[in-house]
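Engineer: Fold the following.
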Amino acid sequence: MAGTSIEFAPLLPWYLVAGLGFLAVLIAGTGLYARAGGALWRTLAFATLIATLMNPSLVNEQREPLRDVAVVVVDESPSQRIGSRTGRAAAALEQLRAEADLLRDTLDLRVIHVGGNAMASGDKGTQLLAPLRRALSDVPERRVAGCDYANGRSGP
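Structural biologist: All right, here's what the predicted structure looks like:
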């Protein structure tokens, strides 16, 4: 992706440049209204001074867009063996992979398998957020496309 723009880095704070610009317009306008000699040259000098104080620069950028990152956390805890949760979780994962494959030019899909007794914390259930945080630790927040939990359960 390429783009050209004009960037401003004023030599004085914006409010001073605006104030000087207002005074320049007032003085130049009065001179032009009164048809004073050299008023046009004075107006051009004021415009050049204000433009110089705004310090414009032409910026030509060449950018490569970064891909978004999506994470799927697959719950493989012992509770997944209840009913058909394992099969539903696998089907959900395959569906998510198929949909993410359609966006492969703009999306990186990360799949995390979490489970076993090591992830259980007493009565608190399976701890899924710590592995998710680790998976996203190298990704800036603006690149995170989303997160989904494939746990084989219906509803939230």
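Engineer: Okay, strands next: where are they in the chain?
Structural biologist: For the chain, the strands defined by DSSP state E occupy 2-8, 56-62, 68-76, 107-115, 144-150.
Engineer: can you list the ones you listed in TSV and add mean pLDDT and distance to residue 43?
Structural biologist: Any C-beta I mention is one placed from the backbone N, CA and C, and that applies to glycine too. Formatted as TSV, the strands of the chain follow (pLDDT from 0 to 100; distance: least, CB to CB, whole Å):
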stretch	mean pLDDT	distance to residue 43
strand 2-8	87	21
strand 56-62	90	19
strand 68-76	83	51
strand 107-115	84	54
strand 144-150	62	52
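Engineer: Point out the most buried one among those strands.
Structural biologist: Most buried of these, by mean neighbour count (mean count of other CB atoms under 10 Å): strand 68-76, with a mean of 20.
Engineer: Alpha carbons of that one, as CSV, please.
Structural biologist: Output of strand 68-76 as CSV, limited to C-alpha atoms (Å, rounded to 0.1, in the frame of the first residue of the first chain):
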residue,chain,number,x,y,z
ASP,A,68,-4.8,-9.8,12.1
VAL,A,69,-4.4,-12.6,14.6
ALA,A,70,-7.3,-14.8,15.7
VAL,A,71,-7.0,-17.4,18.5
VAL,A,72,-9.0,-20.5,19.0
VAL,A,73,-8.7,-22.1,22.4
VAL,A,74,-9.7,-25.8,22.3
ASP,A,75,-10.8,-27.2,25.7
GLU,A,76,-9.5,-30.7,26.1
